[in-house]
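[1] Here you go, sequence then predicted model.
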Amino acid sequence: MGVNAREIVLDILLALEREEDYSHRLIKAVLDKYDYLEGREKAFIKRVTEGTLERGLELDHYLNHFSSLPVGKMRPLIRCLMRMSAYQLLYMDAVPDSAVCDEACKLAAKRGFGRLKGFVNGVLRTISRNKENLPLPDERKSPILHDSVRYSMPEWLVELWRQEYGPETARTILRGLMAIRPVSLRFRLDTSEEERERLCGLMREQGMRVERSPYLPYVYLVEHAEGTEALPGFREGMCTIQDASSALAVEAAGIGQGDFVVDVCAAPGGKSILASEKAVHGRVLARDLSGEKLERITENVSRMKAGNVEAQVFDATSTDQALLGKADVVLLDVPCSGLGVMGKKRDIKYRVKPEGMESLQALQRQIVTASAGYVKPGGTLVYSTCTIHSGENQDMVRFIARELGFEPVSLEGALPESVLGGKLQIAAQMEESGIAPAVALTEAEEAACIQLLPGFAEADGFFIARFRRKPEAGQP
């Protein structure tokens with residue numbers, strides 16, 4: 001018996017509803033399990049799963065409008081089935097509407113809900129008939145609700161970004177998070193441009209679209225890649241999956257040959273490996289909280305042949321007295337809400353809650369306080385997150401500079417002008433909208449940090465701040 005791709009999608013969505021794992025990990029595990037499927041079937045599974053998650057709030061809005069039974073009261077299997085079918089009807093023109101409805105009814109019957117075939121068929125066919133006239137909340141009367149449905153984002157997040165950035169910038173962020181993001185491929189620094197182009201040529205021959213990142217010469221953006229392990233050069237350790245934003249955080253550190261670098265929250269190891277290539281004869285200590293995370297680090301370190309990286313399990317909320325004052329560079333990419341990577345990890349927006357943000361900020365301060373002392377006098381600390389929330393970012397800049405006594409260091413010259421130019425564009429747009437920054441920074445603090453925003457940057461939503469530990473009295 002052949003494998004039913006739609007049933008695989010249904011089972012993934014049910015597992016995600018039970019919060020058994022995060023979507024990006026579960027989808028990868030399932031595609032690895034069914035690696036024998038044809039490329040088009042795997043692409044269908046990935047697209048329908050990710051699209052249904054991406055558009056979840058929007059799909060629920062339409063289902064609630066056309067269904068006599070609210071989505072929240074449907075059985076989990078029927079709810080997931082209706083969502084994935086509605087997504088296919090609205091966003092996959094290559095799939096005939098009749099086939100979507102028929103397959104949904106068959107799946108309902110196969111999974112023990114044959115009595116609901118009429119309900120499933122009726123609601124889906126009504127949506128199909130009304131595709132050109134779908135109801136959205138009134139934009140003038142309820143702008144937050146309108147944007148929440150249109151961009152499938154929880155209302156509280158829409159309101160948060162409108163307050164922090166203004167309506168126009170907030171909508172650019174929302175559109176940016178909805179955009180399809182290519183795979184970001186980071187080549188080893190010792191890979192020649194000729195070798196990079198040779199490998200990219202092989203990718204193009206396999207039907208992939210490959211372009212160089214506008215920010216870093218060793219980062220490329222790849223579309224239509226079916227699996228990372230099949231990418232030319234990946235298994236041989238010539239490249240790895242790493243967003244340009246993550247690589248920029250390492251660039252900001254200004255790592256020199258021979259430096260000792262401590263990566264406090266290192267999994268899956270991308271920053272540690274790039275730091276090791278920059279340190280050359282130096283060494284990198286990569287730490288994280290659990291054995292599972294350590295395994296992810298060591299796998300990538302081994303594949304990328306980063307022999308000067310040592311990986312350890314260590315709780316970052318504790319201070320390792322033996323490391324105090326020893327590191328030339330400390331990388332602090334702390335746990336965060338992940339709001340900047342929701343375009344890749346689509347279920348984050350359903351899991352993050354306003355009440356959880358404060359506890360995250362407390363954890364971040366605890367980690368920074370415990371680890372800042374590792375920086376030697378005159379050394380560098382780089383604080384980074386993959387979020388776009390001032391409480392986790394600009395607030396922490398003030399904390400590090402004003403309470404821990406670190407000196408903010410301008411990113412001018414450390415990051416490409418193409419990156420810093422985006423910062424000016426966002427600031428100008430906010431000023432035009434009459435929006436003041438949510439957290440007031442000094443001129444020096446402002447120059448030491450940058451917030452990359454979806455829709456503006458060709459990278460993940462990411463925050464980077466650079467500091468220098470002030471020399472001890474009597475030292476230069």
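    Happy to help now that I have it.
[2] C-alpha only now, for contacts and for neighbours.
    Fine.
[3] quick one: the lengthiest strand in the chain to chain centroid distance?
    Ranked by number of residues, the top strand in the chain under DSSP state E is strand 375-385. How far strand 375-385 lies from its chain's middle: 24 Å, per C-alpha atoms, centre = their mean, to the nearest Å.
[4] got it, and stretch 192-205?
    Using C-alpha atoms, centre = their mean, the offset of stretch 192-205 from its chain centre is 26 Å.
[5] next one: stretch 60-72
    30 Å.
[6] Please apply the same query to stretch 235-244.
    Per C-alpha atoms, centre = their mean, the centroid offset for stretch 235-244 relative to its chain is 17 Å.
[7] Ok, stretch 142-157 next?
    Taking mean C-alpha positions (C-alpha atoms, centre = their mean), stretch 142-157 and its chain are 20 Å apart.
[8] Likewise for stretch 374-391?
    Worked out by C-alpha atoms, centre = their mean, stretch 374-391 lies 18 Å from the chain centre.
[9] ok, now stretch 164-177?
    17 Å.
[10] May I see the buried residues of that stretch?
    If you call a residue buried by 16 or more other C-alpha atoms under 10 Å, then stretch 164-177 has these buried ones: 164-167, 169-171, 173-177.
[11] and which of those is nearest residue 193?
    Relative to residue 193, the closest of the buried residues of stretch 164-177 is residue 176; by C-alpha to C-alpha it sits at 30.1 Å.
[12] Name the residues that touch the host helix or strand of the closest one?
    Using DSSP states H and E, residue 176 falls within helix 167-178. Contacts of helix 167-178 with the rest of the structure, by C-alpha atoms under 8 Å, 6 or more residues apart in numbering, involve 54, 147, 151, 153, 158, 161-162, 340-343, 426, 429-430, 433, 453-456.
[13] Please give the number of neighbouring residues around the nearest residue to residue 7 once chain neighbours are set aside.
    Distance criterion C-alpha to C-alpha, 6 or more residues apart in numbering; nearest residue to residue 7, sequence neighbours excluded, is residue 107 at 7.1 Å. Neighbour count for residue 107, taken as other C-alpha atoms under 10 Å: 20.
[14] tell me which element residue 107 falls in.
    helix 97-110.
[15] Report the buried residues of that helix.
    97, 100-101, 103-105, 107-108.
[16] cool, and stretch 334-351?
    334-349.
[17] So for it, first residue to last residue, what's the gap.
    18 Å (C-alpha to C-alpha, to the nearest Å).
[18] Turn the buried residues of stretch 164-177 into CSV, columns for pLDDT and distance to residue 77.
    Formatted as CSV, these follow (pLDDT from 0 to 100; distance: C-alpha to C-alpha, whole Å):
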residue, pLDDT, distance to residue 77
164, 94, 38
165, 93, 39
166, 92, 39
167, 93, 37
169, 93, 37
170, 95, 34
171, 95, 33
173, 96, 32
174, 96, 29
175, 95, 30
176, 94, 31
177, 94, 27
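[19] what's the pLDDT at the spatially most central residue of the chain?
    The centre of the chain sits closest to residue 341, judged by C-alpha atoms, centre = their mean, with a distance of 2.2 Å. Reported pLDDT at residue 341 in the predicted model: 93.
[20] Repeat that for residue 108.
    97.
[21] what helices or strands is the longest strand of the chain leaning on?
    On a contact count with 3 or more C-alpha pairs under 8 Å, 6 or more residues apart in numbering; DSSP states H and E, strand 375-385 meets helix 244-253, strand 327-333, strand 462-469.
[22] One more pass at 6 Å, please.
    Applying 3 or more C-alpha pairs under 6 Å, 6 or more residues apart in numbering; DSSP states H and E, one finds that strand 375-385 contacts strand 327-333, strand 462-469.
[23] what residues are up against the closest residue to residue 319 other than its chain neighbours?
    Distance criterion C-alpha to C-alpha, 6+ apart; nearest residue to residue 319, sequence neighbours excluded, is residue 370 at 4.8 Å. Shown in contact with residue 370 (C-alpha atoms under 6 Å, 6 or more residues apart in numbering): 317-319.
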